[in-house]
Each structure stands twice: as C-alpha cells, then as structure tokens.
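>>> sequence first, predicted model second:
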Amino acid sequence: MLRYYKRLLLLTVIALNVTFSARAELPEFHLTLNHNLFYPQRLEVPAGEKIRLIIDNQDDAPEEFDSFDLNREKVLFPGRFTVIYIGPLEPGVYHFFGEFHPNQAKGQIRAISKGHGGAD
Amino acid sequence: MLINTIILFLRDALPVFWVMSLLLAQGNSLRKNPRWIFWTVPFGLILAALLMANFAALSNSLMGAGLEWFTFLLHGLIYALVLVHLFLFRSALNHYWQLSATALGVLTISINGSYFLVFLDTYWRTAQHYWSLITGTILGFGVCFSAGILIYLLNYALLQRGRPLIWVLLLLFWSTGQLIFTFNLLAQANIISSTSPIWNTGDWITDSSELGMVLNTLMGYEATPTLLQIIFYLLCILLPLLLFSITERKSGAKHKTGVSE
C-alpha cells in the first residue's frame, strides 16, 4: 500500500516540476466589454503558445468572463483592466461568454497554428 | 435570467447548504447543542459582505492575481479544517467540536457567500425581468434546501447507526473538489502552467451542464482534468483515509493487548 503512495508522491513532484510556470514575455491580446458586448467577438490567437488576454470592462457593472472550453472564469470589475492567461491551446475554436449576460456578451477565441489560414 | 439564477445557486449556494447539512447531521447525532449555527451563519454572512465590498481591491492586488491567491489559500484552509474536524471526530475529542464546526461553516459561508453576493447584487441591479429573478431565486433556494435536507437525513441515519464512512467521504470529496477547482484559477493567473488534460469526459457529462455543475460543486468534477489535479485529488482523498486506517489499527492493537493510552 505504501509503495503506491510513494509512486503517487513521485508523480506529484514530476507534475509540480512541469507545472510551475516560467515567466517570459507572452504575446498580448485585448478584449473590450462595452454595453454587455465583447469586442472583438472573434479573437485569433496562435495555437501552441501561452497568451496574455487583457480585458477592459468599460461598463458600469461587474461581469464575469466565463469559458468552459478554456476552463477560465474571472470577475471583470467595472472600469478596470483584467488579465487572464490562456493556453497553450490546440488549434480550434474556444467559446467564452459573460455570465451575467450570456445571450449578449459572448465570443470565441480561434487558436490558429502557424502556416494555416484558420481554425476548424 | 431564470436559468442563470438557478445556476448561480447551484454553484455558490449549494456547497454551503451541503457542508452545513453534513455538520448538522454530525452535531445532532453527537447530541451537540445546535447553538453553533446561530453564530456561524450571521458571522459568515458578515464576512462575506465585507469580502464582497473589497473584491475589486483584492482582485487588483498581487499583480492582478490577488483574488486567485486568496481563493486558493482559503480553500486550502477549509481542506485543512476538514482534516482537523475528521481527526477530532476520529479521536472523540468532542469538546472541540463546536469550535471546529463553527470555523468550517464561517469560512465556507464567507468565500462562497462573497462570490454569490457579487453576482446576486449585479443581477438585481441590472435585471429587467424581475419576475424571472424572483422565480429563479425561489427555485434555486428550493433546490439547495431540498438537497440539504436529503443529505442531512441520509447522514444522520448513517451516523446514528455508527456508519460514518459515507459522511467522511462526502466531506473529503467536497473539500478536495473545491480545492482542486482553484488550480484553474492559479493557471489563469499564470501562477501554475496550464497543461494538457489527461482525459476528456465532456462527451458524457459536460462542465456546462447542470449535472456537471452539481458534480463540480460537490466533488470537483472536471471533464478535462490535468495531471496535477488528478494527483492532488487522489492524494487529498487517500492520504487522510490511510492515516485514519493506520491510527485505527494501532488503537485496535493497543486495546487488544490491553495497553492503556
């Protein structure tokens, strides 16, 4: 039994080793929330790279950036910039929405691999 | 708006009802005075309101990662308190029960309540369809309250019969699930790296479905977990169980050989 726990601990150390992130300059992308709409509604980002997404909430009320595809959720406070790190992403389309106005505030991030025109 | 309000209840209020029901079931089975709940709920709500009022400042601190760090640390503390609570139960140190139940209840209400209040406040201020909001609030509260009663009755009956394993597992799964979920918050603040998921059960239960949300709330279900999440999940569940079984065996052996503690 203890042998299994030792293996589990070893796996944890390995996972932690690859998990704690190296801080480097990352490509930045911007989103704006205005009148409960995200601009742009379709954002193209490079696949296979971590990116820094900066969201400017220009509305008077908080909103929550939410994405089940990206496993991200963050409250966007009014009149403030919010930073969310995303990726590295596989090529594809990832949907996001504002939790308080899911029918209006929605958009997608398209991760595009180099040398390809668009994501599927 | 109706569905959104119910989802809000499932995500932020259900964990509170869940843990309070588990604590109430244990307290009543141990014949504890229920006065702890009269301290826990108001104190937890006051802390939640204070947190909510300072959410924006907290979010901006630590280079924009303040809220993520805070949520992670608070859920880590809740998990540690669950372990302490289980240890007290296991060791029959019942005179500390009120203290540990109150601490656990206050922290759970304050962190979940603060998120809940931010959303509820925004919903009510920006809502145009108040009827949907009122209906959603009543339905959401009803769902959480019903789930709380069911879990209370089940656990009270099992604890009365001297079968605490389900109660222990529910408490461990809940606190571990809440802690593991905060790993996503750490990844979005670039504190840990996002790694590729190990599997994807999204074809069976998606994270965005009602069932997915309930399972996420109650046991940390993720359709696409990372290796770190899986390992920590297993460690957080199995290590306490191993420790409990070892101490049980030792105390059993002492009793058999007549060694007094």
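Sure, I can see it.
>>> which residues sit in contact with B:Leu22?
B:Leu22 makes contact with B:151-152, B:155, B:167, B:170-171, B:174, according to C-beta atoms under 8 Å, 6 or more residues apart in numbering or on different chains. For the C-beta atoms, the positions are set from N, CA and C on the backbone; glycine is no exception.
>>> looking at chain A, which helix or strand is least sure?
Within chain A, no helix or strand scores below helix A:2-19, which has a mean of 57 by mean pLDDT, DSSP states H and E.
>>> just to revisit the earlier point, among the contacts of B:Leu22, which are in reach of chain A?
Residues of the contacts of B:Leu22 in contact with chain A (C-beta under 8 Å from any C-beta of the partner chain): none.
>>> name every strand pairing with whichever helix or strand comes after the least confident helix or strand of chain A and say which way it goes.
Sequence-wise, the next helix or strand downstream of helix A:2-19 (DSSP states H and E) is strand A:28-34. Next to strand A:28-34 in the sheet, as set by DSSP bridges, lie strand A:37-39 (antiparallel), strand A:51-57 (parallel).
>>> which of those is buried the deepest?
Mean neighbours per residue, mean count of other C-beta atoms under 10 Å in any protein chain shown, is largest over these for strand A:51-57, with a mean of 19.
>>> may I have that one exported as PDB, CA atoms only?
This file holds the C-alpha atoms of strand A:51-57, laid out as PDB (Å, rounded to 0.1, in the frame of the first residue of the first chain):
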ATOM      1  CA  ILE A  51      -1.100  34.200 -24.300                       C
ATOM      2  CA  ARG A  52      -1.900  37.100 -22.000                       C
ATOM      3  CA  LEU A  53      -5.500  38.300 -22.500                       C
ATOM      4  CA  ILE A  54      -6.300  41.800 -21.300                       C
ATOM      5  CA  ILE A  55      -9.900  42.600 -20.800                       C
ATOM      6  CA  ASP A  56     -11.100  46.200 -20.400                       C
ATOM      7  CA  ASN A  57     -14.600  46.400 -18.800                       C
END
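>>> next, the angle strand A:28-34 makes with the following helix or strand past it.
As assigned by DSSP H and E, the chain's next helix or strand after strand A:51-57 is strand A:63-67. Angle between the axes of strand A:63-67 and strand A:28-34 is 130 degrees (criterion: axes from the mean of the first three to the mean of the last three C-alpha atoms, to 10 degrees).
>>> got JSON lines for the strands paired with strand A:28-34, with mean pLDDT too?
Below are the strands paired with strand A:28-34 laid out as JSON lines (pLDDT from 0 to 100):
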{"stretch": "strand A:37-39", "mean pLDDT": "96"}
{"stretch": "strand A:51-57", "mean pLDDT": "95"}
